[in-house]
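**Q** Let me see the structure of the following:
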Amino acid sequence: MAPFSFARQAQPSAQANGAAPSLFGNTRATNGSSSSDPLQPLRAMADRVGKEVEKFAERVDHWHTHGKDNSAVKHQATVKMVGHFRDVAESQVKELKRTSGAENQGALNKSTRRRVQNMGEPSGQGSFGQSFQSIVPSVESSTALDSTSVQELRQWQAELATWDLLRIIIDHYHPVPGKDVEAEKQARLKKIGGNKRYSPNSEIWDRFLLEDDQAKEKDLILRWLEQTAQDSESDIESITAVLEEKSGKGANTWTSGWLDTKSKIKQAKRMEGSDRPLKPENTNLKTADRSQQLVTQLDPDAPSRQKRVLEKSDEFYEKALWLVCYEMMRRGVPWKEICEWALERNEAWRGVSIGAAYESHTPGSPNVAGDTVGYLFRRMCFYAAQGTRLQYEGAVYGLLSGDLGKVREVARTWDDHLYAHYNALLLSRFDSYLQRQYSSRVTQSLSQRFVFHDAVANIGDWSNSPSIVINALKQHKASSALATAPIKLIQGALIGQSLEELVHMVGVALAEMLQNDDRPGNLMVHPDSPENDRGPKAASGQPTATADRYYQTLASDPHAFRTLVHVFIALRGGLDMLNTEDTQRRLAMDNVIAAYIEFLRLSKRIQLIPLYAAQLPESRQGYCLARVLPDIKNRNEQRNCIALLDLYRVDTVEVVSQSFTLAFNHSGFIDFDEEGNSVITKPIKRFQLLESTESMDQNKRVLWPGLRIKPQFDGSEVEPKDEGIIDAVYWYNYLNEETDETFEHLKNALTIFLLNGRLAAAEKMIEEVNVESLSLSRTEALCGYPFDFNEPGAEEQDERALHAHRETLSREARSRLPVSRLPDAEQHEQIVNHLRVRSAPYHDLQQIVRIVAMFRDWREKEQELIDNRTQPTKVNTKPVKELLENITTVFDNLIPSLGESYAADTHWTTSLKRAYVPEIIITYLSVLQTASFLLHRETAIKAMEIANLVADPDAEWLQDLFLKTGRMSELVQTLAKVSQAMLNLNEFDGKKKETKKRGGKGETLRIWDLNANSRV
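**A** Below you'll find the predicted structure:
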């Protein structure tokens, strides 16, 4: 069997390309969906988003339509777009702080109180992350205790930080194309100094960062983490206020040191009558609760040296001071401010001990004082950290020395853990740099005497250190849960240069989440789906990739998912990154944008879909949009959609073509053979228009040649599956310049409707998409003015009509087809002839539908005439005559036109003609006989033409139809009965004056009159 042109292989162009977690812990049904709905996560997401979706789309639209002249311009436009994304997030943060500032501060203070209550667990207790992390909620993921507004603020703050991070990553790793990075680096090295014997120590640090790109990356990320902490967490004043409140003392006593311990020691001295320091071995001084021995001296090392404690209030004071010192360092507070803060509290020694008194600090740099550029200072801090008894004290010295373990003990967020790692790596790398490049300052003997913990050596590959650290955070017990939070997965992927893998895994997760969505409009393509039939279902066998559940969580988080989508768009579309050659990876990655399109569809933001579809590879654009078009019912929205697709340079012909194919593939009208070609499932052999008159009254039977048109035809109602196909072909009305696929697909659609007996569907289709209307739109787009190309003489260009029409157009409309592009007379003729040829097969089928519909109307009209023949008033026969005239006109043009294409007919076209043409001809004979009785006898003249038409030697195709369908004898019998009816008419009308009227070829009814010669 000959296949249709729309074989299965043409449909899934993406080839060239368990239950999901409920969003935010919300398992209730949304938008009328059940909890088992595969789309539930996206539905819930659609319910929670706001105007930010449109704001982001505005920036993507501007970026997509401007600034792509060359790679450098595109890079700059992309950076600008990222900046606009950041601005949207920043404005949201400002607004939420304005409206919910007090509530937010209350939540932060509550978190600080919990930290204070649990701070200072002994270092030897084990993994601090395990005991402390569960008690202190992270601000990077809001908890059930927080209000909705506070949760939203946290999410926007995290998103704001992500856009800042993306800008840092782009600036560091992806300079403007054409920029000579190495030459610029060398020029800066010449200016920066640090390579002379007496260069300032600060220049050595600056030179180190400039020479070592990975060290510079660590420094940039540390500064980003400090800024994020400043912007998102409690400020130092708020922390201090909470500590003062918790201490139960006023601001005055808060700065008085170990007041209660000092009072106890003074009292003991008075008891002994001595003004000399108390000796611990001779003193049994106890705390107020008599549970532990109290220190006998007040120097900072006394508790560690004497193995004794302070009074509880003073112990709290000590812990609190170290906590604040840590928080200031974690936020990147300048050393001078730390020193001033300590001095205000009579704790100047703390500023000195942490190096804050060093006046030559460059903001963001470590202590580089002395001949060893801070090397000895860091070793001192390292040893101090090991001997501390308080965790935050150990963390402070750990930050100063680069000791990962001590800092990680107090880390409570992913940011804190990352800060600890990067701080350790950066200082370790710097100390190694000093030993290599400045051996006169850090001699070998010095480095051997004061060994430091080399974090770089422990991590291994320095060039790949970002990825190693990010992966380590996912693996470490204290940070694994934090590292898999949605927004942290994105930030970690940006830092670890693994965004491609993240997008891939989220795409796999989406495919797994939606593989049970059986809608034909499912936009997902499972990477393990069959290569020759890409779709949402995975083929049987071992999957190539599976996604952890936290990737599904990311895909269900509105902020994180929108952020990931736009990061992906910026990097792939703007910086030409993430363009994998692996087909399965690409299919999975494209699922991320496809899922965002699904989200836009669910949230009724149809107008934004073309923009995001344009961010997909060309092959995937058609796949997605073909499944979206059926949801767009409004005609204005349809026109706007096509206009946007044209604006974004999406292949609208391919999109509409795939939508048409998809509609038919799911209609049940067609199936596929072993080679994948489409075949009609149950084609009819004959579309029956007639019924026998044998059972009718003898007096009435004479009106018909034994057969009469049925009162009702099969397929008289339009079903939903018909509507889907009609909706799909309607889109061809908007493709004004397309001619070939339009008429080919319309022909295929109407062929399938007719061969399935779906008359009502065929009628509705030609009502909405017909050659006449398509003629006007195509000629206006191609020739400059609208006209019916099937009209005789249309091939001759009408310049007057052309210019008159252009006068009515707007400037924008005229610009679409400027005068310079208007066809000349010869081109005009070629266009018209091409349109005629391409549209002819569909036009013929359209006329078949029309004549069948007119036969049905005839049945109604003739019955009215029969019923009213006894009425005393004169019956108005004008409408019936007009209907007969229309039937005759269509018939006279249709049959010859069908004969012209017969030689080139496919199997299904031939089947259609066999099912309809013999029936139409015999039905027409029945109409002619009835009309000769009810209207005027001259209509019977046409019966002679039918006989001649079939008997003509050039009508072998027609004879073949009747023979192959076994209906030749039926035709002959019908013609004989029509002849008999003509004789009856002459006898009945013998008394009337003989008419001289003849047919167009000289035909006359007198040939039926056996007595004609006697009246010559």
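**Q** where exactly do the strands run in the stretch 101-250 of the chain?
**A** Assigned strands in the stretch 101-250 of the chain: none (criterion: DSSP state E, counting those that start in this stretch).
**Q** any low-confidence regions in the stretch 351-500 of the chain?
**A** Low-confidence regions of the stretch 351-500 of the chain, defined by pLDDT under 70, span residues 356-361.
**Q** Can you show me the helices along it?
**A** 375-386, 391-401, 404-408, 414-437, 444-449, 455-459, 465-475, 480-483, 486-495, 499-514 (DSSP state H, counting those that start in this stretch).
**Q** Next, the buried residues of the fifth one.
**A** Residues of helix 444-449 classed as buried: 446-447 (neighbour count, 16 or more other Cβ atoms under 10 Å). For the C-beta atoms, the positions are set from N, CA and C on the backbone; glycine is no exception.
**Q** Just the C-alpha atoms of it, please, in PDB.
**A** Taking C-alpha atoms only, helix 444-449 is exported to PDB below (Å, rounded to 0.1, in the frame of the first residue of the first chain):
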ATOM      1  CA  GLN A 444      63.100  25.700  54.500                       C
ATOM      2  CA  SER A 445      64.300  25.400  58.100                       C
ATOM      3  CA  LEU A 446      61.400  27.700  59.200                       C
ATOM      4  CA  SER A 447      58.800  25.700  57.300                       C
ATOM      5  CA  GLN A 448      60.200  22.500  58.800                       C
ATOM      6  CA  ARG A 449      60.100  23.800  62.300                       C
END
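**Q** contacts for it?
**A** When contacts are defined by Cβ atoms under 8 Å, 6 or more residues apart in numbering, helix 444-449 is touched by residues 372, 375-376, 435.
**Q** at 10 Å instead, please
**A** Here helix 444-449 makes contact (Cβ atoms under 10 Å, 6 or more residues apart in numbering) with 371-372, 375-376, 379, 431-432, 434-435, 439, 443.
**Q** Greatest separation within those residues: which pair is it?
**A** Between all members of the contacts of helix 444-449, the longest pairwise span (Cβ to Cβ) is found for 371 and 432 and amounts to 17.9 Å.
**Q** Looking at the two, which one has more neighbours?
**A** Residue environment comparison for residue 371 versus residue 432 gives the larger neighbour count to residue 432, 18 against 12, counting by other Cβ atoms under 10 Å.
**Q** Contact partners for the more buried one?
**A** With contact taken as Cβ under 10 Å, 6+ apart, residue 432 is in contact with 442, 447, 452, 454-457, 462.
**Q** mind running it again at 7 Å?
**A** 454, 456 (Cβ atoms under 7 Å, 6 or more residues apart in numbering).
**Q** Any figure for the gap between it and residue 81?
**A** Residue 432 sits 39 Å away from residue 81 when distances are taken as Cβ to Cβ, to the nearest Å.
**Q** One more: residue 298?
**A** Plainly put, residue 298 is 60 Å away from residue 81 if you go by Cβ to Cβ.
**Q** quick one, which of those two is more surrounded?
**A** Each of residue 298 and residue 81 had its neighbours counted (other Cβ under 10 Å), and the higher figure belongs to residue 81 (22 against 14).
**Q** isn't the more buried one right next to residue 65, touching?
**A** No - contact status for residue 81 versus residue 65: not in contact, 11.8 Å apart, counting by Cβ atoms under 7 Å.
**Q** I'd guessed residue 193 sits against residue 201; true?
**A** No - between residue 193 and residue 201 there is no contact, the gap being 10.9 Å when judged by Cβ under 7 Å.
**Q** Which one of the two is surrounded by more residues?
**A** Shown here are residue 193 and residue 201; by other Cβ under 10 Å, residue 201 has more neighbours (21 against 14).
**Q** Quick check: buried residues in stretch 462-469?
**A** Taking 16+ other Cβ under 10 Å as the neighbour-count basis, stretch 462-469 is seen to contain the buried residues 465-469.
**Q** And stretch 965-981, by the same measure?
**A** Buried, per 16+ other Cβ under 10 Å, within stretch 965-981: 965, 967-968, 970-971, 974-975, 977-979, 981.
**Q** That one: how far from the chain's middle?
**A** Taking Cα atoms, centre = their mean, to the nearest Å, one finds stretch 965-981 lying 63 Å from the centre of the chain it belongs to.
**Q** average pLDDT for it?
**A** Computed over stretch 965-981, the mean pLDDT rounds to 92.
**Q** For it, C-alpha coordinates in PDB please.
**A** What follows is the C-alpha trace of stretch 965-981 in PDB, where atoms were taken according to Å, rounded to 0.1, in the frame of the first residue of the first chain:
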ATOM      1  CA  THR A 965     -16.500  -1.000  -7.600                       C
ATOM      2  CA  GLY A 966     -18.900  -3.300  -9.400                       C
ATOM      3  CA  ARG A 967     -21.400  -0.500 -10.000                       C
ATOM      4  CA  MET A 968     -21.400  -0.300 -13.800                       C
ATOM      5  CA  SER A 969     -24.600  -2.300 -14.000                       C
ATOM      6  CA  GLU A 970     -26.200   0.000 -11.400                       C
ATOM      7  CA  LEU A 971     -25.200   3.000 -13.400                       C
ATOM      8  CA  VAL A 972     -26.700   1.500 -16.600                       C
ATOM      9  CA  GLN A 973     -29.900   0.600 -14.700                       C
ATOM     10  CA  THR A 974     -30.200   4.100 -13.300                       C
ATOM     11  CA  LEU A 975     -29.800   5.700 -16.700                       C
ATOM     12  CA  ALA A 976     -32.400   3.300 -18.100                       C
ATOM     13  CA  LYS A 977     -34.800   4.300 -15.400                       C
ATOM     14  CA  VAL A 978     -34.200   8.000 -16.000                       C
ATOM     15  CA  SER A 979     -34.900   7.400 -19.700                       C
ATOM     16  CA  GLN A 980     -38.200   5.700 -18.800                       C
ATOM     17  CA  ALA A 981     -39.100   8.600 -16.600                       C
END
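**Q** can you redo the helices of the stretch 351-500 of the chain as a markdown table with distance to residue 905?
**A** As requested, the helices of the stretch 351-500 of the chain are exported to a markdown table (distance: least, Cβ to Cβ, whole Å):
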| stretch | distance to residue 905 |
| --- | --- |
| helix 375-386 | 89 |
| helix 391-401 | 84 |
| helix 404-408 | 79 |
| helix 414-437 | 69 |
| helix 444-449 | 92 |
| helix 455-459 | 74 |
| helix 465-475 | 64 |
| helix 480-483 | 66 |
| helix 486-495 | 58 |
| helix 499-514 | 43 |
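**Q** Of all those, which one is nearest residue 335?
**A** Taking Cβ to Cβ as the criterion, helix 391-401 is the member of the helices of the stretch 351-500 of the chain that comes nearest to residue 335, at 10.8 Å.
**Q** picking up where we left off before, so which of the buried residues of stretch 965-981 belong to strands?
**A** Nothing among these maps onto strands, per DSSP state E.
**Q** In CSV: those residues, plus distance to residue 726.
**A** What follows is the buried residues of stretch 965-981, written out as CSV (distance: Cβ to Cβ, whole Å):
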residue, distance to residue 726
965, 29
967, 31
968, 36
970, 34
971, 34
974, 35
975, 38
977, 39
978, 38
979, 43
981, 41
